[in-house]
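> Structure, please.
(chains A, B and C)
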Amino acid sequence: MVDPLVEMAGIDKSFPGVNALENARFDLFPGEVHALVGENGAGKSTLMKILSGIYRRDAGTISVRGREEEITSPHAAQSLGISIIHQELNLMYHLTVAQNIFIGREPRRGFLLDEGALNARARQLFDDLHLNLDPRTRVGALAVAQQQMVEIAKALSFNSDVLIMDEPTAALTDTEIDELFRIIRQLRDQGKGIVHISHRLVELKQISDRITVMRDGRYIATVNTAEAEIQQIISMMVGRTVFEATPELPEQPDPTVVLKVKGLNLGRQVRDITFQLHRGEILGVAGLVGAGRTEVMRAIFAADRPESGEVTINGKPVTIRAPSDAVRHGIAYLSEDRKRYGLALGMDVEVNTVLASLGRFASSFGWIRTGATRTAALEQVKALAIKTPGIAQRVKNLSGGNQQKVVIAKWLTADTDILIFDEPTRGIDVGAKSEIYRLLNDLARQGKSIIMISSELPEVLRMSHRILVMCEGRITGELSAAEATQERIMTLATQRESVAAA
Amino acid sequence: MQTTTPPARSRVQSILGGDSIQRLLALGALVLLLAFFSVVVPHFASTNNYIDILTATAVNGVLATGVTFVIITGGIDLSVGTGMTFTSVVAGIVAVNMGLPLPLGLLAALGAGALVGSINGALIAKAKLPPFIATLGMLYVTLGMAQVISDVHPIYFDQQPAFQQFFMAKPVIGIPNIVWVMLGGAAIAWILLNKTILGRYTFALGSNEEATRLSGVNVDRWKIIIYAVDGLFIGLAGIVIASRMNSAQPGLGMGYELDAIAAAVIGGTSLSGGEGSVVGTIIGAFLISTLRIGLSVAGIPDQWKSVITGLVVIGAVWLDILRRRSRA
Amino acid sequence: MKFTRLTSLAAGSMALALVAGACSGSATPAPAASGAPASAAAAASAATGAASAYTAPTDAGKAKGKTIAIISKGEQHQFWQAVKKGALDEAAKLGVTATYQGPATESEVDKQLTMLQTALSNNPAAVCFAALDSKAAGALLQQAQAANIPVVGFDSGVDSTIPVTTVATDNIAAAGIEADKLAALIGDAGKVAVIVHDQTSQTGITRRDGFVNQMKAKHPNVQVVSVQYGAGDPVKSADIAKSIMTANPDLKGFFGANEGSIKGILNALKETGKEGKIVAVGYDSGQQQLDAINSGVEAGAITQNPIGIGAKCVDAAVDAINGKTLPKNIDTGFYWFDKTNINSPEVQAVLYK
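Predicted coordinates for the structure are as follows:
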């Protein structure tokens, strides 16, 4: 029997008002990928943050390579060979790729930095990972998936024995995930221990050796992946048996066209985009990361102003010069980065709910009628089943799924008819995901028109009446729900211009 | 992998080119302004006047260089002006009142500056005070301390004639040494910012402090060091201003911090942190003094000088925003 | 103040004559100065200035042990330090208690009002007040009047009928003398420039106007080409002085309206190597200025009598407490001093370093 790399036992941790961990445990052996699963709030991230020195435990023991250790800081964890890749990217956008990777460990020649050695080392690292990235690029100029790769490269650069990845695949496309898994296997074969936190249970089957399930801050069980059934894991996670029944597709939408986009252009990412959206329809938009899906939606919303193109709403041509115009015409854009663009995190549920429609709640002197905002917020909390102790709760204290619901509540309160969702379930756990799906279906049934950008093919296939597929800024195809398959979408999503022309 | 070159018009790429273009803008504005005054204002175009502009930039240039460091970290330092006064008084106490050798007095000024900076840094990093508040407090503390230790009396460096003789001497092309001190300080600052680990962490802190901390960088310690470096420049400014006056004047200092911050901002340093440059700051400082002196030579009333300086600060930052918007 | 200013504008030399005449009856330290020929036009005369016919009390009377609150315009400049010393020494001599306060800079009107408010709340026997802004202090002064607290104005005084007297330097007259001196030193013709500490304070306005108007009225061939403001900062004032020299290469003279301004001019002359080539006259004292006068770089300066102002304030307050009638203005006098008389005891007595 090999000795474990890491053993955590009896770990307690509480935050003001919350018992995040109670008698939690976890172990990790060299040469294994150990998946850690659980719904949001189950304590997985907290447990791993304790292991990586970001939080201090209240009770319990941590042994690394058989020796009991106090891990007091991220630095201490690193010197024990423990690295963590956070779910929220932790990069310095003004610095280059190489500067980010080696922050705190810059090669020096005496007093001065050795930028040459820095870039060479980073390049070596990327070569090892078979990644084509210029170390001198500023991280702020990279797409999210590329930034994620920088994070991974950075963690690997520590030569750590223990690598914790918190939702590393959340922002990656399938090919990128394959690439990541290739790297993970490579590291596993070198004898490193990898902790993989994920919501995507299917991929755990591919990559992990063991799976530990947590629920409500407690350890539930550890199973060998080979012997585990996904349904079994899900029921351990949620504490009840869940049948992952495909929710019935909403009835066919009204043929009325609510939104028509014609010849929209903006730079290389939005090229001659033409499509229409019907009342009560869920229109899926699929494509690889960087295909220009988000950019198209931002252009429609005038978050970035398009160079050319026509937008028609309910048969009338409209001019949208700024997001405020779009909102006035009943279009809402729900960014994938909810925390940055969707919510005032430090403010409460009530304020966030009415934020996009404050004018309606204000008297002529700009005085806000708090009674009305309360009522509106309470209505939405009830209608969307937002799990919150009350409308005075700060949004940052809610789970990802409930934050997403608050964003939706905001736009419903603003009475928008066209909702553009960008990765609506990103970073949301399984249980909450199906709730979001149900919510989207309900909205469509009520006559709202929905555009849904998603990188998860099963999600697109399951949810959409129609699917647009994009590649390199163009729409490369449109599929009805009936004709769409994963294979057909992937074919269209990789239909590069040069290939098409040939 | 989709890991090829980033899209040409990405939001942050404009930031990538941001400070260098802002620096060019500031430089262009400076050249235009010099040309304008030289043509329009009688007597402006003379070597002596250009040297006067250089001389008038020295104090603000040194202060602005120091404050550039902390602004890049996303902080601010309101205590640079009165801190400067404090350090000049310390130099006077040591070199005149205590009668110690002049170099010791100058070292004491630098030390006092580093001390002021370190206290700012500690208040910000350890006591978690917002930089605005911590340094606002230090503004008053240093002003008061300058008066306490000098007993509200100016200290004259008459017994140390070498002091003014050295700093105001003009050994190279008629430019006084304080200008070379400023430029030398800026060169050191440029190296620190661009070639050393200190500069790397300065930018990293301003870009994403939490990410820097999680990368294992001792953020608190580096913050204190960065504020201490700012403090060293405060001390250097104290030496420069004392050499010009051949004295330490305990009542001075208020208002200098705003000129310094304005110079940095005109030069493209972002108050939200993560970007900035010493070259830009020095150009910004030159721009301010060119404007002041040009308007003064032209005989423009004082009140209008203030209005115009303010408009230039607003215009410089607005231009930068416009440029970014047009590229986004 | 308005009244004084108008007289001076109308007949500068007459005012001077009155001032000079008043010398004979003046109290300390003016008697020594009275011996000097104080003719307005005499460029090289030793001392000019005056103090009014006011006799200081020799004991505190009813005021014994009572508190006089002094609210000045500043505490940091050497000038104010000297005022403070004069006041506190006189108070100690007479056996009264004096408190002395002033805001950090001469633009902090609101802080000064807070100080006055606090002082009044402590119910002092009398208040000495040098207003930064007389109008702004109106309500508080009425409050003092209602509480029967006598108010003594000093320095730039208080523009109101409430103060029982004003203890001050006649800045208009003094600046007028500066104009006469500077004109004489440059041969009564040519360009001169003025650097003032600010354009809002009473001293800034009166010294500037006293100088400029006297030039216009009496020295038509002398042209005041520039009046600029340097906040009393020796470095900023130096940069301004240099820019004035740049704009006017044939400049013959400078007048610095306070200590910081003349320091700036001296710095500028030194930095440009124009020492001795451009005539500089200043105001107040301070070591740098005294050294410059001794070495001849600065032709001379007006000094007020800050110690006298402080002392007279307390004297007037004590008299007011004792119910004595006081003259409308108590002039504390000023001196023109240059290389020739800088070391005379009467001048030395009012100089500070």
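> low-confidence ranges in the chain?
This is for chain A. Low-confidence segments of chain A (pLDDT under 70): A:1, A:16-18, A:39-41, A:170-171, A:199, A:238-253, A:289, A:429-430, A:496-502.
> should've been chain C
Ranges of chain C meeting pLDDT under 70: C:1-53, C:76, C:107.
> redo that, cut-off 80
Within chain C, the segments meeting pLDDT under 80 span C:1-54, C:74-78, C:104-108, C:133-135, C:156-159, C:200-202, C:353.
> go on, the stretch 101-250 of chain B?
For the stretch 101-250 of chain B, the ranges with pLDDT under 80 are B:216.
> Do a quick rundown of the helices in it.
With helices called from DSSP state H, counting those that start in this stretch, the stretch 101-250 of chain B shows them at B:102-125, B:131-150, B:161-168, B:177-195, B:197-207, B:209-214, B:219-245.
> For residue A:316, the count of nearby residues, please.
Other residues lying near residue A:316 total 8 when counted by other Cβ atoms under 10 Å in any protein chain shown. Glycine gets a C-beta too; all of them are placed from N, C-alpha and C.
> ok, what's across the strand from it?
Beta bridges link residue A:316 to residue A:313, judged by DSSP bridges.
> so which residue of chain A comes closest to chain C?
Going by Cβ to the nearest Cβ, chain C is nearest to residue A:366 of chain A, at 30.2 Å.
> what separates that residue from residue A:414, distance-wise?
18 Å (Cβ to Cβ, to the nearest Å).
> okay, those two: which has more neighbours?
residue A:414 (19 against 8).
> I'd like to know how far that one sits from residue A:333.
Separation of residue A:414 from residue A:333 (Cβ to Cβ) stands at 12 Å.
> can you check residue C:291 too?
Using Cβ to Cβ, residue C:291 is found at 72 Å from residue A:333.
> So which of the two has more stuff around it?
For residue C:291 versus residue A:333, the count of surrounding residues by other Cβ under 10 Å is larger for residue A:333: 24 against 16.
> So that one belongs to a strand, correct?
Yes: looking at residue A:333 with DSSP: H, G, I helix; E, B strand; the rest coil, it is inside a strand.
> For the stretch 101-250 of chain C, which segments count as strands?
Secondary structure of the stretch 101-250 of chain C, counting by DSSP state E, counting those that start in this stretch: strands at C:126-129, C:151-154, C:165-168, C:190-196, C:222-229.
> And these: which comes nearest chain B?
Per Cβ to the nearest Cβ, nearest to chain B of the strands of the stretch 101-250 of chain C: strand C:222-229, 4.4 Å.
> all helices for chain C, in order.
Under the criterion DSSP state H, helices of chain C are mapped to C:2-10, C:12-22, C:30-34, C:78-94, C:109-121, C:138-146, C:171-185, C:202-218, C:234-247, C:259-272, C:287-295, C:306-321, C:345-348.
> Switch those over to TSV; also include distance to residue A:206.
Shown next, in TSV, are those (distance: least, Cβ to Cβ, whole Å):
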stretch	distance to residue A:206
helix C:2-10	93
helix C:12-22	100
helix C:30-34	103
helix C:78-94	82
helix C:109-121	72
helix C:138-146	82
helix C:171-185	91
helix C:202-218	82
helix C:234-247	71
helix C:259-272	77
helix C:287-295	82
helix C:306-321	89
helix C:345-348	97
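> Output the helix or strand hosting residue A:34 as PDB, nothing but the C-alphas.
Using DSSP states H and E, residue A:34 sits within strand A:33-37. What follows is strand A:33-37, C-alpha atoms only, in PDB (Å, rounded to 0.1, in the frame of the first residue of the first chain):
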ATOM      1  CA  VAL A  33      -7.100  11.700  -9.800                       C
ATOM      2  CA  HIS A  34      -9.500  12.100  -7.000                       C
ATOM      3  CA  ALA A  35     -12.800  13.800  -7.900                       C
ATOM      4  CA  LEU A  36     -14.500  15.900  -5.200                       C
ATOM      5  CA  VAL A  37     -18.200  16.400  -5.900                       C
END
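> and the direction of whichever helix or strand comes after that strand versus that of strand A:33-37, what angle?
Scanning forward in sequence from strand A:33-37 by DSSP H and E, the next helix or strand is helix A:44-51. Angle between the axes of helix A:44-51 and strand A:33-37 is 130 degrees (criterion: axes from the mean of the first three to the mean of the last three Cα atoms, to 10 degrees).
> List of residues touching helix A:44-51?
For helix A:44-51, contacts defined as Cβ atoms under 8 Å, 6 or more residues apart in numbering or on different chains pick out A:6, A:8, A:11, A:13, A:20-21, A:24, A:26, A:36-38, A:55-57, A:62, A:71, A:77, A:82, A:84, A:87, A:162, A:164, A:166, A:195, A:197, A:214, A:217.
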